[in-house]
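In: Sequence and predicted structure are below.
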Amino acid sequence: MTSSLAFRYAAPLFFCGLLEERTGMKIVVSDNQVDKALRVLKKKLIKEGLLKEMKKREYYEKPSVKRKRKQKESRKRLRKLLTRKTP
């Protein structure tokens, strides 16, 4: 299921050549092993953080919602940091 998710977001970029142009990534498919190429593509997208960004930009996020999300993420990071410091 996750490989189809990577395909859903990256395939339009991949097929029109924009993936290589924008990110410098190039995925080579040999012997019609498309599944293997998708796995490699997914790993590269996750490593670069592109998959997360594409999911985030799929829909418009209002500034107030964005601000609340960032505050929530900040609180989560702080809580995580405090739990690590106080064993």
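Out: Okay, I see it.
In: Residue nearest the middle of the protein, spatially speaking?
Out: Centroid-nearest residue in the chain, with CA atoms, centre = their mean: Leu51, separated by 1.7 Å.
In: so that one sits right up against Lys42, yeah?
Out: Yes: Leu51 lies in contact with Lys42 (CB atoms under 8 Å); the separation is 7.3 Å. Where you see a C-beta, it was placed from the backbone N, CA and C, and this is true even at glycine.
In: Show the low-confidence segments of this protein, by residue range.
Out: Low-confidence segments of the chain (pLDDT under 70): 1-23, 86-87.
In: make it 50
Out: The model of the chain has pLDDT under 50 over residues 1-2.
In: Go through the helix or strand harbouring the residue nearest to the centre of the chain and flag the buried ones.
Out: Using DSSP states H and E, Leu51 falls within helix 50-56. By neighbour count with 16 or more other CB atoms under 10 Å, helix 50-56 contains the buried residues Leu50, Leu51, Met54.
In: and the gap between Asp35 and Leu41?
Out: Distance, Asp35 to Leu41, using CB to CB, to the nearest Å: 11 Å.
In: wait, Asn32
Out: Taking CB to CB, one finds Asn32 at 15 Å from Leu41.
In: So these two - more neighbours on which side?
Out: Shown here are Asn32 and Leu41; by other CB atoms under 10 Å, Leu41 has more neighbours (23 against 8).
In: State the helix or strand in which that one lies.
Out: When elements are defined using DSSP H and E, Leu41 is found to belong to helix 34-48.
In: Show me what that helix packs onto, helices and strands only.
Out: Helices and strands touching helix 34-48, by 3 or more CB pairs under 8 Å, 6 or more residues apart in numbering; DSSP states H and E, are helix 2-15, helix 50-56.
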